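**Q** Sequence first, then the predicted structure, then my questions.
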Amino acid sequence: MNALQVNNLSVAYEEKIVLKDVSLTVPVGRLTGIIGPNGAGKSTLIKAILNQLPNKKGSIHILERALNPKNLTVGYVPQRNAVDWDFPTNALDVVLMGRYGHIGMIKKPSSKDKQIAMDCLKNVGMEAFADKSIGQLSGGQQQRVFLARALAQQADVYFMDEPFVGVDAATERTIIAILKDLKSQGKSVFVVHHDLQTAPEYFDWIVLLNQSIIASGPTEQTFTKDNLQDAYGGKLFFMDQRGD
């Protein structure tokens, strides 16, 4: 089974083409990095897959099915700058939002839901901050809370838009450890990522994007100098040894 299949996807903002004829297939159980230069359409690709953009053409299937708003198989972590951090709520309530797909918007979370949310906070090292307002948390702590919210969804496929941006080294290590654990459970994880140095270490599948697909496949086959030069317009400089 494929975790994701995209066929001939195109997206435009007004008259500007952002994605053009994007097609890719990613099997289940991969930890996938979506990589490309600024303006390549990486975040747009995630939003289009999640049906958040009206002006798109093409077909998208997740686990062989079109995305349904009631589908519980998909979790999402947006970019931090897309979140209103002044919203008056605490960390536990944010994570409980990940349970709404299971309990509904009008029902109160059960003790089981609250325990799942606390377990997810503990998983990201944030259980001590459950009652803390999200606006009082650091950037790394906020990112951990939103990761916990995604985990609370208990999804099969996760999409994460630059989860490592603005976090400290300890938080980055925590996040990648959790993502690799999800993969070990057979989950599929898609991550918009910008750091080329860590990409081969973090991901076992790479999608190189620059409005169109440059390459997609296992990291050892896809993450090559030639493909990277094609994706970044020949503007990359490679250092084989430090100081050379």
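**A** Happy to help now that I have it.

**Q** For this structure, which helix or strand comes out least confident on mean pLDDT?
**A** Scoring the helices and strands of the chain by mean pLDDT, DSSP states H and E places helix 100-103 at the bottom, with a mean of 70.

**Q** Could you point out the helix or strand that follows it?
**A** Using DSSP states H and E, the helix or strand that follows helix 100-103 in sequence is helix 111-123.

**Q** Just the buried residues of the helix or strand just after that next one, please?
**A** Counting by DSSP H and E, the next helix or strand C-terminal to helix 111-123 is helix 139-152. Buried residues in helix 139-152, counting neighbours by 16 or more other C-beta atoms under 10 Å, are found at 140-152. All C-beta spots, glycine's among them, are computed from the backbone N, C-alpha and C.

**Q** Now do the SS call for the residue nearest the centre of the chain.
**A** Taking C-alpha atoms, centre = their mean, the centroid of the chain lies closest to residue 160, which sits 1.2 Å from it. Local secondary structure at residue 160 is given as strand here, using DSSP: H, G, I helix; E, B strand; the rest coil.

**Q** Does it touch residue 188 like I think?
**A** No: between residue 160 and residue 188 there is no contact under C-beta atoms under 8 Å: 11.6 Å.

**Q** From residue 133, how far off is the nearest residue to residue 97 once chain neighbours are set aside?
**A** Closest residue in space to residue 97, ignoring its immediate chain neighbours: residue 149 at 5.8 Å, by C-beta to C-beta, 6 or more residues apart in numbering. Using C-beta to C-beta, to the nearest Å, we find residue 149 at a distance of 15 Å from residue 133.

**Q** ok but residue 194 is inside a strand, no?
**A** No: counting by three-state DSSP, residue 194 is not part of a strand but coil.

**Q** Please report phi then psi for the residue lying closest to it once chain neighbours are set aside.
**A** Computed as C-beta to C-beta, 6+ apart, the closest residue to residue 194 that is not its neighbour in sequence is residue 162, at 6.6 Å. Main-chain dihedrals, residue 162, degrees, to the nearest 10: phi 50, psi 60.

**Q** That concludes my questions; thank you for your assistance.
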